[in-house]
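1. I would like to see how this sequence folds:
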Amino acid sequence: PMLLPSLAGAEGFFTHSISPTLKFLGYHESAIYIPRWVVVQPWIFGEKTCIRDIIRHEYAHAFQECYPKKIKPRAFEKVFGGSYYNPDAKDFRPKAYVSKYAASMPMEDFAETFMYFLKYKGNCPRQFNRPIIQRKWQYINQLLS
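-> Residues are numbered from 1 along each chain as shown. Coordinates of the predicted model:
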C-alpha cells in the first residue's frame with residue numbers, strides 16, 4: 001500500500017480508501033483533496049488549470065465511490081476498455097480519449113470524460129464528436145439520468 005496518493009502530475013485526488021498511516025496524517029476516506037500549490041500556481045504543468053475542472057474530475061471518482069451499483073462492471077468495461085481500477089495504461093490514441101491523461105487507465109478515462117460532460121452541460125462539443133467518445137458520453141448521460 002502506498003503512503004500517499006501519487007501526486008506526480010496530480011492536480012487533485014480522491015481518497016477511495018486510506019491506510020492507518022494516512023489517517024494518522026489527517027486524511028479522510030472518501031474525500032477530495034486539491035493541493036494548495038495547484039490553486040496558487042495554476043500553470044505548474046504548462047497549462048492553466050481551472051479549479052472547477054479539477055473538482056468536476058474528482059467528483060467523478062467520488063460519484064463512483066458513492067454510487068457503485070450505478071456503475072455496472074460489464075457495461076463500464078465495454079465502454080472504457082477495462083475495469084474501473086485496472087492499472088494497465090493504454091496507448092494514447094487521440095481520437096479515443098478526451099485527454100492524454102484519460103488514456104492512463106479506465107478510472108481516469110471515466111473521470112476526464114465525466115468532467116467534460118459536466119463542463120459542457122451534457123452537450124458534446126465538436127472536438128469530441130467521435131463514435132468512441134460518444135459511447136462514453138452516452139454512458140455518463142445514462143448514469144446521471
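2. pull the number of nearby residues for residue 109.
-> Here the number of neighbours of residue 109 (other C-beta atoms under 10 Å) works out to 25. (C-beta placed from N, C-alpha, C; glycine too.)
3. next one: residue 127
-> Other residues lying near residue 127 total 9 when counted by other C-beta under 10 Å.
4. after the one helix or strand in the chain whose mean pLDDT sits lowest, which helix or strand is next?
-> Lowest by mean pLDDT, DSSP states H and E among the helices and strands of the chain is helix 36-40, with a mean of 55. Toward the C-terminal end, the helix or strand that comes next after helix 36-40 (DSSP states H and E) is helix 51-66.
5. distance of the residue lying farthest from the centre of the chain relative to residue 18?
-> The C-alpha centroid of the chain is most remote from residue 24, which lies 26.1 Å away (C-alpha atoms, centre = their mean). According to C-beta to C-beta, to the nearest Å, residue 24 and residue 18 sit 10 Å apart.
6. helix, strand or coil for residue 110?
-> Three-state call for residue 110 (DSSP: H, G, I helix; E, B strand; the rest coil): helix.
7. any idea of the pLDDT on residue 102?
-> We have a pLDDT of 90 for residue 102.
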